[in-house]
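[1] Quick one: sequence and predicted model below, then my questions.
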Amino acid sequence: MKIYTRSGDDGTTGLFGGGRVPKSDQRIACCGELDELNAALGVAASLTTGPQHRLIRQVQHELFNIGAQLAALPGSASAAQVPALHETSVQRLEQEIDAAEQQLQPLRQFILPGGCAPAAALHLARTVCRRAERAMVRLAAEAPLPPPLLAYINRLSDWLFVQARLANHLAGVSDVSWQKDAAH
């Protein structure tokens with residue numbers, strides 16, 4: 001398979017199952033945001049081991065499925081071939097958030113992104129996730145999306161926040177508390 005096709009040199013890109021749209025199309029913008037999120041998660045995965053690494057990899061696969069759903073023409077035969085994301089994935093994220101929070105001290109103040117390298121990478125992925133969510137909300141205003149997609153991406157940013165805190169906890173590193181008067 002060739003990496004370059006030259007078919008996008010005119011500023012368009014192909015959708016899964018046929019059809020071309022401008023690369024500025026909101027559907028393509030969403031796919032790009034999800035791709036960046038997946039790359040940020042790849043960095044986080046490279047810095048983690050064990051159960052946390054496996055959880056991140058599972059999310060990466062689910063993000064590929066979401067991207068494929070967005071890249072397929074709604075109602076097309078190709079769209080029917082794409083693995084669907086189900087409400088059970090949202091519920092799994094919630095269960096994993098709850099399980100991680102049982103290991104953590106309750107939050108009493110805002111924290112800054114950072115700590116150990118895996119936590120910093122997960123915090124960065126969280127901010128990219130929020131941007132991807134905003135892009136998906138804009139797309140949903142133009143075209144209907146399967147209901148679990150917005151719920152999943154919203155829950156995922158919470159999951160990433162908790163996984164970042166868990167990474168710090170597992171490394172024996174404290175979360176960085178926000179000091180309101182630090183700028184003075």
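    Arrived safely, thanks for sending. Just so we're clear, the structure is a prediction, and the values are computed from it rather than from any experiment. Residues are numbered from 1 along each chain as shown.
[2] where does this protein dip in pLDDT?
    1-4, 7-15, 17-18, 20-24, 73-80, 183-184 (pLDDT under 70).
[3] what about 80?
    Within the chain, the ranges that satisfy pLDDT under 80 run 1-25, 72-82, 147, 182-184.
[4] quick one, strands of it?
    For the chain, strands defined by DSSP state E occupy the ranges 12-14, 20-22, 111-112, 176-177.
[5] Buried ones in stretch 32-39, by neighbour count?
    Using 16 or more other CB atoms under 10 Å as the burial criterion, the residues of stretch 32-39 that qualify are 33-34, 37-38. All C-beta spots, glycine's among them, are computed from the backbone N, C-alpha and C.
[6] now stretch 96-110
    96-97, 100.
[7] count of neighbours near the residue nearest to residue 57 when sequence neighbours are not counted?
    Closest residue to residue 57 apart from its sequence neighbours, by CB to CB, 6 or more residues apart in numbering: residue 45 at 5.9 Å. As a burial measure, residue 45 scores 22 neighbours (other CB atoms under 10 Å).
[8] do the one 10 residues further on as well
    Using other CB under 10 Å, residue 55 has 20 other residues around it.
[9] thinking again about what came up before, my guess is the residue nearest to residue 57 contacts residue 59, does it?
    No: using CB atoms under 8 Å, residue 45 is not in contact with residue 59; the gap is 9.2 Å.
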